[in-house]
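> fold the stuff below for me.
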Amino acid sequence: MRLSFPNPSRSYDAGKSRICFWGYDSTIEVTFFVGADVLKRLCPEMNGLEAGLLQAFDAVRERIHEVADKVYVRGNRESFACILAAEDF
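Numbering: from 1, shown residues only. Here you go, the predicted structure:
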């Protein structure tokens, strides 16, 4: 079973310069993070400000969700958070 991403919400974490979004493994909510460096590699034309990072995330959302589904380890109940790194793409 694949992760689902019914909630299109995402938020910017200024302290760590990353975007946070959520996926679901059945009824378990999983938090994902994708850093500004990754978004800049995926969308080099974007600006590094909050609005630019959110727009870059939206532009490649489907690809990010595919990578999140690939990287997430089902059954790992130790952690409900995953950081997507550049090498995951």
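> neighbouring strands for the helix or strand of the chain with the lowest mean pLDDT, and are they parallel or not?
Least confident helix or strand, the chain: strand 81-84 with a mean of 90, by mean pLDDT, DSSP states H and E. Strand pairing for strand 81-84, using DSSP bridges, gives strand 28-35 (parallel).
> can you list the residues that contact the partner strand?
For strand 28-35, contacts defined as C-beta atoms under 8 Å, 6 or more residues apart in numbering pick out 3, 13, 16-24, 57, 64, 68, 72, 80-85. Quick note: C-beta positions are derived from backbone N, CA and C, even for glycine.
> show me where this protein has its helices.
36-42, 50-59, 61-71 (DSSP state H).
> turn the ones you listed into TSV, including distance to residue 89, mean pLDDT and mean neighbour count.
Formatted as TSV, the helices of the chain follow (distance: least, C-beta to C-beta, whole Å; pLDDT from 0 to 100; neighbours: other C-beta atoms under 10 Å):
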stretch	distance to residue 89	mean pLDDT	mean neighbour count
helix 36-42	7	95	18
helix 50-59	13	95	17
helix 61-71	6	94	16
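> so what's residue 83 up against?
If you count contacts by C-beta under 8 Å, 6+ apart, residue 83 has them with 18, 32, 33, 34, 35.
> do residue 48 as well
Residue 48 is in contact with 36, 40, counting by C-beta under 8 Å, 6+ apart.
> got the CA positions of stretch 37-51 in PDB?
Output in PDB follows, covering the C-alpha atoms of stretch 37-51 (Å, rounded to 0.1, in the frame of the first residue of the first chain):
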ATOM      1  CA  ASP A  37      18.900  23.000  -0.900                       C
ATOM      2  CA  VAL A  38      16.900  20.200  -2.400                       C
ATOM      3  CA  LEU A  39      14.200  22.500  -3.800                       C
ATOM      4  CA  LYS A  40      16.900  24.800  -5.300                       C
ATOM      5  CA  ARG A  41      18.400  21.800  -7.100                       C
ATOM      6  CA  LEU A  42      14.900  20.800  -8.400                       C
ATOM      7  CA  CYS A  43      13.900  24.300  -9.300                       C
ATOM      8  CA  PRO A  44      17.100  26.300  -9.900                       C
ATOM      9  CA  GLU A  45      15.100  29.400 -11.100                       C
ATOM     10  CA  MET A  46      13.300  29.900  -7.700                       C
ATOM     11  CA  ASN A  47      14.200  32.500  -5.200                       C
ATOM     12  CA  GLY A  48      15.300  31.400  -1.800                       C
ATOM     13  CA  LEU A  49      12.700  33.300   0.100                       C
ATOM     14  CA  GLU A  50       9.800  31.600   1.800                       C
ATOM     15  CA  ALA A  51       7.300  32.300  -1.000                       C
END
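> okay then, goodbye and thanks.
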